[in-house]
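Everything below, folded, please.
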Amino acid sequence: MTRYESAIDVDALTAIDVHVHIEVDAHGHSSLPPDLAEAAAQYFKAGASPDLDGVADYYRERRMAAVVFTVDAQTELQHPALSSAEIADGAARHNDVLIPFGSVDPRRSDAVDIAKRLIEESGVRGFKFHPTVQGFDPSEERWYPLYETIQDAGVPALFHTGQTGIGAGMRGGRGFRLALSNPMLLDPVAADFPDLQIIMAHPSVPWQDEALAVATHKHNTWIDLSGWSPKYFPESLVRAAGSYLRSRVLFGSDYPLLTPDRWMSDIAQTAMKPDALPAIYKDNAVRLLGL
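Numbers count the residues shown, from 1 in each chain. Next comes the predicted model:
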């Protein structure tokens, strides 16, 4: 394994996409079990997902960098996760365009040790959590040693917020609980870990006002705009991103489920202030990620 070190030329980039999924590894293993993968493909109407090398080529063609990750939900899904160490190793091969985040299943007894190894040995630049799919309430103090490890490393933690298409249409939503991704559950985390930079991913439908309240009050929180076409963004989010939160809002697509090409085309159909876009596309991420 090669430890990741960034070789990104920030000045050459048009944008940094902070929300890109790696859904299949070099061995053909999927991040989701077959029943969930099939339901997700139907819900999102998505085709085959590219591997990490394909993702790198895609973003290099667009002169963009991409934050790449998987979600380790082995306990909840009873399905082996993709290796975050292998994702970091692949990002090291493409360190001109890729930035690796790790993912740790908080419910594992060795979660803190795994996080430390990913930081120290693999060089991950952040961590991705999906409370609904991983089946945990992020506000519970039993996860605090993991947050402390991430805070001490000086890297951000990105949390899925709002509803999810994963499990949608399945019997009982496959048992997933949407309320675990209410952004208000991140407020105590931001309060108790004031030096931990927390990214609330996606328009947090149906809790957009809660996300804006947390971001307004806790200046160690950020919002990424992934997962929805901008033309469907709540008006309150567009207003905040273009004004009082413009320094802590990040461009994200949710590729391969939504392409950055479509995102950038659709943002023109909103009331987003054009002078806010340079910070959203790149400058805020540069500052957050220490590039």
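
Same question for residue 65, what's its three-state structure.
strand (DSSP: H, G, I helix; E, B strand; the rest coil).

Which residue is the nearest non-sequential neighbour of it?
Leaving aside its sequence neighbours, residue 65 sits nearest to residue 16 (Cβ to Cβ, 6 or more residues apart in numbering; 4.7 Å). In short, each C-beta sits where N, CA and C put it, glycine included.

what comes into contact with the helix or strand where the one you found lies?
If you go by DSSP states H and E, residue 16 is part of strand 15-21. Strand 15-21 has contacts (Cβ atoms under 8 Å, 6 or more residues apart in numbering) with 31, 49, 55, 59, 62, 64-71, 99, 158, 199, 201, 224, 226-227, 250-257, 260, 264, 281-282, 285-286, 289, 291.

could you point out which element follows that strand?
Strand 15-21 is succeeded, C-terminally, by helix 34-44 (DSSP H and E).

Just the CA atoms of the helix or strand of the chain with the lowest mean pLDDT, as PDB, please.
One helix or strand of the chain scores below all others by mean pLDDT, DSSP states H and E: helix 34-44, with a mean of 83. Listed next in PDB are the C-alpha coordinates belonging to helix 34-44 (Å, rounded to 0.1, in the frame of the first residue of the first chain):
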ATOM      1  CA  PRO A  34     -27.400  -7.800  -4.200                       C
ATOM      2  CA  ASP A  35     -30.900  -7.100  -3.100                       C
ATOM      3  CA  LEU A  36     -30.100  -3.500  -2.100                       C
ATOM      4  CA  ALA A  37     -28.000  -2.900  -5.200                       C
ATOM      5  CA  GLU A  38     -30.800  -4.000  -7.400                       C
ATOM      6  CA  ALA A  39     -33.400  -1.800  -5.600                       C
ATOM      7  CA  ALA A  40     -31.000   1.200  -5.700                       C
ATOM      8  CA  ALA A  41     -30.400   0.800  -9.400                       C
ATOM      9  CA  GLN A  42     -34.100   0.800 -10.100                       C
ATOM     10  CA  TYR A  43     -34.700   3.800  -7.800                       C
ATOM     11  CA  PHE A  44     -31.800   5.900  -9.200                       C
END
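
chain center to it: distance?
Centroid separation for helix 34-44 versus its chain: 20 Å, with Cα atoms, centre = their mean, to the nearest Å.

list the contacts for residue 13?
So residue 13 contacts 63-65, 282 (Cβ under 8 Å, 6+ apart).

no wait, residue 37
residue 30.

Now do it against residue 128, distance only.
Remark: distance between residue 37 and residue 128 (Cβ to Cβ, to the nearest Å) = 18 Å.

And residue 136, by the same measure?
13 Å.

More neighbours: which of these two?
residue 128 (26 against 22; other Cβ atoms under 10 Å).

can you pull out the strands in the stretch 101-250 of the chain?
Using DSSP state E, counting those that start in this stretch, the strands of the stretch 101-250 of the chain run over 127-129, 157-160, 198-201, 221-224, 249-250.

okay, the ones you listed in JSON lines with distance to residue 275 and mean pLDDT next?
As requested, the strands of the stretch 101-250 of the chain are arranged in JSON lines below (distance: least, Cβ to Cβ, whole Å; pLDDT from 0 to 100):
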{"stretch": "strand 127-129", "distance to residue 275": "30", "mean pLDDT": "98"}
{"stretch": "strand 157-160", "distance to residue 275": "26", "mean pLDDT": "98"}
{"stretch": "strand 198-201", "distance to residue 275": "23", "mean pLDDT": "98"}
{"stretch": "strand 221-224", "distance to residue 275": "18", "mean pLDDT": "98"}
{"stretch": "strand 249-250", "distance to residue 275": "13", "mean pLDDT": "98"}
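
so where do the helices sit in the stretch 151-291 of the chain?
With DSSP state H, counting those that start in this stretch as the criterion, the stretch 151-291 of the chain has helices at 187-192, 208-217, 235-241, 260-267, 277-278, 284-289.
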